[in-house]
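Visitor: Okay, sequence plus prediction incoming.
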Amino acid sequence: MRFTWSACIALAVLAGCATEYRQDSWSGGFSEVQLDRDLFRITFSGNAYTRPQQAADYALIRGAEVTLAHGFAYYTIVEDRSRTETSSFVTPVETTTKSKRKGNGEVIETSTTTGGHEIVDTFPTAVHTIRCFQKRPDNAPGIVYDARFVCGSLGKKYKVPSCGQQVAAK
């Protein structure tokens with residue numbers, strides 16, 4: 001019985017946490033695919049406890065890691081297809097009725113109805129297609145990100161120790 005309660009408590013604690021910065025799994029995370037020599041699609045999927053800004057920041061961090069891992073120093077976001085998906089459900093309605101008979105034969109009934117509440121969850125996904133550069137481009141549209149700087153700022157903010165280190169190039 002002790003193991004069952006421990007497992008339930010651990011599951012309840014984990015269920016209330018935002019998606020960590022990690023490789024994609026059943027509860028979210030990052031992934032990337034190389035589209036060209038210098039072009040990558042970075043995706044970070046969060047769970048219902050992940051703020052959209054955090055998902056976007058994690059995609060920027062992963063973009064910086066991929067940039068550095070492939071021998072580049074800078075990147076731009078050439079396409080942003082970030083989105084937030086929403087799911088909802090209504091809790092089941094349950095009515096409980098209790099009857100009590102008085103001494104004179106009179107029956108008193110009390111009914112309680114619970115449920116019927118809508119629960120709405122949002123799941124942010126940041127999808128950035130990035131183009132990487134070895135030198136800072138002068139005429140690139142949009143913001144030019146310095147990958148080492150992103151690792152130093154956002155990597156530090158979210159305590160991502162791997163940012164800036166060599167990551168496995170796929």
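Guide: Received, thanks. Numbering: from 1, shown residues only.

Visitor: Please state the backbone phi and psi of the residue of the chain most remote from its centre?
Guide: Largest separation from the mean C-alpha position in the chain: residue 104, at 62.1 Å (C-alpha atoms, centre = their mean). Per-residue torsions, residue 104: phi -90, psi 10 (degrees, to the nearest 10).

Visitor: where does it land on pLDDT?
Guide: Here the pLDDT value assigned to residue 104 is 86.

Visitor: for residue 136, same thing?
Guide: 97.

Visitor: Count the neighbours of it for me.
Guide: Neighbour count of residue 136, defined by other C-beta atoms under 10 Å: 11. Glycine gets a C-beta too; all of them are placed from N, C-alpha and C.

Visitor: Show me what the nearest residue to it once chain neighbours are set aside bridges to in the sheet.
Guide: Closest residue to residue 136 apart from its sequence neighbours, by C-beta to C-beta, 6 or more residues apart in numbering: residue 74 at 5.2 Å. Note on residue 74: beta-bridge partners residue 133, residue 146, judged by DSSP bridges.

Visitor: same question, residue 89
Guide: Beta-bridge partners of residue 89, as defined by DSSP bridges: residue 119.

Visitor: three-state assignment of residue 112?
Guide: strand (DSSP: H, G, I helix; E, B strand; the rest coil).
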